[in-house]
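Visitor: model this:
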Amino acid sequence: MAIGYVALVLHAHLPFVRHPESDYVLEEEWLYEAITETYIPLLRVFEGLKQDGIDFKITMSMTPPLVSMLRDPLLQDRYEEHLAKLEELAELEIEHNKHNGHIRYLAEHYAHEFNDTRQIWERYDRDLVSAFKQFQDSNNLEIITCGATHGYLPLMKMYPQAVWAQIQVACEHYEQNFGRPPKGIWLPECAYYEGLERMLADAGLRYFLTDGHGILYARPRPRFGTYAPIFTESGVAVFGRDHESSQQVWSSEVGYPGDPEYREFYKDLGWEAEYEYIKPYIMPNGQRKNVGIKYHKITGRGLGLGDKALYDPYWAREKSAENAGNFMFNRARQVEHLHGIMQRPPIIVSPYDAELFGHWWYEGPWFIDYLFRKSWYDQGTYEMTHLADYLRNNPTQQVCRPSQSSWGYKGFHEYWLNETNTWVYPHLHKAAERMIELSHRDPADELEWRALNQAARELLLAQSSDWAFIMRTGTMVPYAVRRTRSHLMRLHKLYEDINTGKIDSGWLSKVEAIDNIFPEINYRVYRPL
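Guide: Residues are numbered from 1 along each chain as shown. Down below sits the predicted model:
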């Protein structure tokens, strides 16, 4: 008889990147890499568990931008081209390394993996959203939503209509794609501010996740810390991140992904192969990039990239099984300890970015597979659960007011509001004011209706927390700046055109074709609450 619960929660999100106006944009490959390295490998794990009779439970957000991109025919076509190049390069590598036994072995490993990826892609008729939905329908997977475009909600709270639009548009989009309203929400960056729960309740949401200190510093202080959810006064439940289990996976110092046997992320064939040989598989302008084929393992701390030993997926898979066993053992001991103190079943909530598993940590999907199998067969101390089932079975919890928090650096808002990105917010605030003003209008005709709805899309896209995050990390900054400015400029042009009665229908059609997210949006979502 289990005496506690473990909830694995994955946050699957990418910013909306879609450029029909260009033949090639590097940033579109964020999606293609995630499909190959994270989303299809997760489906492969889920299929295997289901086939072997393991009744696994996992919670996973799928954000509206990600769902929109996964279902976009243009991006599906471009992904097929991307995958075809990977398959071609792997076959070329097998031939190219026919006298180099270990490299050939690795090339054959990749060729088999890419072939399997194509089979899964084609078996689901390119619709990975429906693929994940089937596991929701069998109650193995609980899919939750997020902010409409992952907007950082505490930094827009002075405009409640803008916060409401992020929540309501997301819930409507979820229902359009999954055939039912969402039960839970992963707040963008787990960022919470006091009062937000009332809007979540109004949207019909039952629970959200926050970082551990959002619960630990709640008022009154929760009796069971992060090891039980709390209810807000609005009735919405809050789950807090468990620090111990998070550190075992996330930490660059002590986390599993840093093991020497695992694949080295930063040593990629795209940078190392002879230039003329690799040229057809890198950027069209001739610049090198990661191609996703990597032949080396982490090997050891402090080594330069030139000193890395060759990777072996056999031993890496063995290590992932060992790590999964260690994670299981530690959670069992944690649950035993907590149950003795709490005198009730604790829940350990372990949330991670989904892209950690497969993209950043190549062996991550194997780890998840082994963790579910070992938890099913090798222990009886805890049950794996998803958050909706836990709430259904444990409807009585302490009522508290959570603390303002995020899961970012220092736990609050500093990562999204600092010297690198502070210039963005006055422009976003002005844009929100203009959108709220536009929401009062009743359109004179269909053209104005379209323009008003497009203005709402442009504001949502400009608000994506990804752009401020990228500016802070210092990678791909020109792209993040360009995206922020372009959406703001489009919104301001629409505002002026609508107010002067001079809407450029040709230009509007082009913008609608480029920024085509939320086809059923209604701009009146910005009307005062």
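Visitor: what's the single longest strand in the chain?
Guide: Counting residues, the longest strand in the chain under DSSP state E turns out to be strand 4-12.
Visitor: Can I get that strand as CSV, trimmed to CA atoms?
Guide: Extracted in CSV, the C-alpha atoms of strand 4-12 (Å, rounded to 0.1, in the frame of the first residue of the first chain):
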residue,chain,number,x,y,z
GLY,A,4,2.8,8.9,-0.8
TYR,A,5,2.8,10.2,-4.3
VAL,A,6,5.4,11.5,-6.8
ALA,A,7,4.2,13.7,-9.7
LEU,A,8,6.5,14.3,-12.7
VAL,A,9,5.4,17.5,-14.5
LEU,A,10,6.9,18.5,-17.9
HIS,A,11,6.6,22.0,-19.3
ALA,A,12,6.5,21.7,-23.1
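Visitor: Just the mean pLDDT for it, thanks.
Guide: In this model, strand 4-12 has a mean pLDDT of 98.
Visitor: which strands and helices sit next to that strand?
Guide: Secondary-structure packing of strand 4-12 (3 or more C-beta pairs under 8 Å, 6 or more residues apart in numbering; DSSP states H and E): strand 58-62, helix 313-342, strand 347-353, helix 364-377, strand 382-384, helix 387-393. For glycine as for every other residue, the C-beta is placed from the backbone atoms N, C-alpha and C.
Visitor: So which residues make contact with the third one?
Guide: Right, strand 347-353. 4-11, 13, 186, 190, 209, 226-229, 239-242, 245-246, 249-250, 331, 334-335, 338, 382, 385, 387, 390, 407 (C-beta atoms under 8 Å, 6 or more residues apart in numbering).
Visitor: got it, and the last one?
Guide: Outside helix 387-393, the residues within contact range by C-beta under 8 Å, 6+ apart are 5, 7, 9, 57, 59, 139, 142, 144, 183-184, 206-207, 209, 229, 237, 239, 347, 349.
Visitor: going on from the lowest-mean-pLDDT helix or strand in the chain, what's the next piece of helix or strand?
Guide: Using mean pLDDT, DSSP states H and E, helix 243-250 stands out as the lowest-scoring helix or strand of the chain, at a mean of 90. Following helix 243-250 in sequence order, the next helix or strand is helix 269-272 (DSSP states H and E).
Visitor: okay, the helices and strands packed on strand 4-12 in TSV with mean pLDDT, distance to T420 and mean neighbour count next?
Guide: As requested, the helices and strands packed on strand 4-12 are arranged in TSV below (pLDDT from 0 to 100; distance: least, C-beta to C-beta, whole Å; neighbours: other C-beta atoms under 10 Å):
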stretch	mean pLDDT	distance to T420	mean neighbour count
strand 58-62	98	26	25
helix 313-342	97	35	17
strand 347-353	97	21	22
helix 364-377	98	29	21
strand 382-384	98	39	22
helix 387-393	95	34	18
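Visitor: so which of these comes closest to S403?
Guide: With C-beta to C-beta as the measure, strand 347-353 is the member of the helices and strands packed on strand 4-12 nearest S403 (16.5 Å).
Visitor: Partner strands of the closest one, with direction?
Guide: Strand pairing for strand 347-353, using DSSP bridges, gives strand 4-12 (parallel).
Visitor: mind listing what's buried in the partner strand?
Guide: Neighbour-count burial for strand 4-12 flags 4-12 (criterion: 16 or more other C-beta atoms under 10 Å).
Visitor: which stretches of the protein aren't confidently modelled?
Guide: Along the chain, the model assigns pLDDT under 70 to residues 252, 529.
Visitor: again, only this time at 50
Guide: Along the chain, the model assigns pLDDT under 50 to no residue.
Visitor: which residue of the protein sits farthest from its center?
Guide: Largest separation from the mean C-alpha position in the chain: H99, at 40.9 Å (C-alpha atoms, centre = their mean).
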